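[1] Quick check, what structure comes out for this input:
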Amino acid sequence: MYYLFLVYIMENRDTVIQEAVHKLFNTPCDNYIFVYTPPKVGSTTLVSSLRISLLVSFSIIHIHDDIMLGVLTGIKNVTVNEIIQFLAQTGKNVYVIDVYRTPIERKMAEFFEKISIYHFNKLDLNMNKYSVNALVIGLINCFRIWQMVNTLLISMIWNVNPHLTLSINTPYR
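    Numbers count the residues shown, from 1 in each chain. Below you'll find the predicted structure:
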């Protein structure tokens, strides 16, 4: 009896995952690419290139996390990893691409994406009137603020001196 109940749950789970797959991909395919990355890492450019080059033979999805998956499909209890595993177990070719950027590069990308709204309080049309020096000074000032906030958080949350320098020769005690 317990075995039958478990089989029913697994079959029902596969049905929910299959529904999410159908909502994500318009047409069934044998080749899938998941560009599964955090935001601000340059993944949109990569996805655009992949779609131009491979759209005929691959279904390509660009997704940041399970929350975004829920928004795209309307299904809240399925994860991206479950969909990837489901497709692989059904014999599909599945490729997962992850892109990494260092935190400072992500902050720079965020700075320039929202530059007109957050940093200069100007319309996008007026941004080309600013000198490069003004933009660089704005970026440097933002990094100083981010560094101060990070330093404060490190000292408050972990009770660690953020200015402590560690060395192999003199261990921390």
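[2] For the rest of this, base every contact and every neighbour count on C-alpha atoms.
    Noted.
[3] so where do the strands sit in this structure?
    Ranges of strands in the chain, per DSSP state E, are 31-36, 59-63, 93-97.
[4] Could you export these as TSV, including mean pLDDT and distance to N133?
    Below are the strands of the chain laid out as TSV (pLDDT from 0 to 100; distance: least, C-alpha to C-alpha, whole Å):
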stretch	mean pLDDT	distance to N133
strand 31-36	95	35
strand 59-63	94	35
strand 93-97	96	36
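[5] Those strands into a markdown table, with extra columns for mean neighbour count and distance to Q18?
    Listed next are the strands of the chain as a markdown table, based on neighbours: other C-alpha atoms under 10 Å; distance: least, C-alpha to C-alpha, whole Å:
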| stretch | mean neighbour count | distance to Q18 |
| --- | --- | --- |
| strand 31-36 | 19 | 14 |
| strand 59-63 | 19 | 15 |
| strand 93-97 | 15 | 15 |
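[6] Format those as CSV; extra columns: distance to S48.
    Output for the strands of the chain, formatted as CSV (distance: least, C-alpha to C-alpha, whole Å):
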stretch, distance to S48
strand 31-36, 11
strand 59-63, 10
strand 93-97, 14
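[7] any idea which residue sits dead centre in the protein?
    Geometric centre of the chain, nearest residue: P38, 1.5 Å, by C-alpha atoms, centre = their mean.
[8] That residue and G91, how far apart?
    According to C-alpha to C-alpha, to the nearest Å, P38 and G91 sit 27 Å apart.
[9] So, low pLDDT: which residues of the chain?
    Scanning the chain for pLDDT under 70 picks out the ranges 1-11, 116-128, 146, 149-150, 152-173.
[10] mind listing the helices for it?
    Counting by DSSP state H, the chain has helices at residues 2-24, 43-54, 66-73, 80-89, 103-113, 132-157.
[11] With Y95 as the reference, name the closest of these.
    helix 80-89 (8.7 Å; C-alpha to C-alpha).
[12] for the closest one, which positions count as buried?
    80, 83-84, 86-88 (16 or more other C-alpha atoms under 10 Å).
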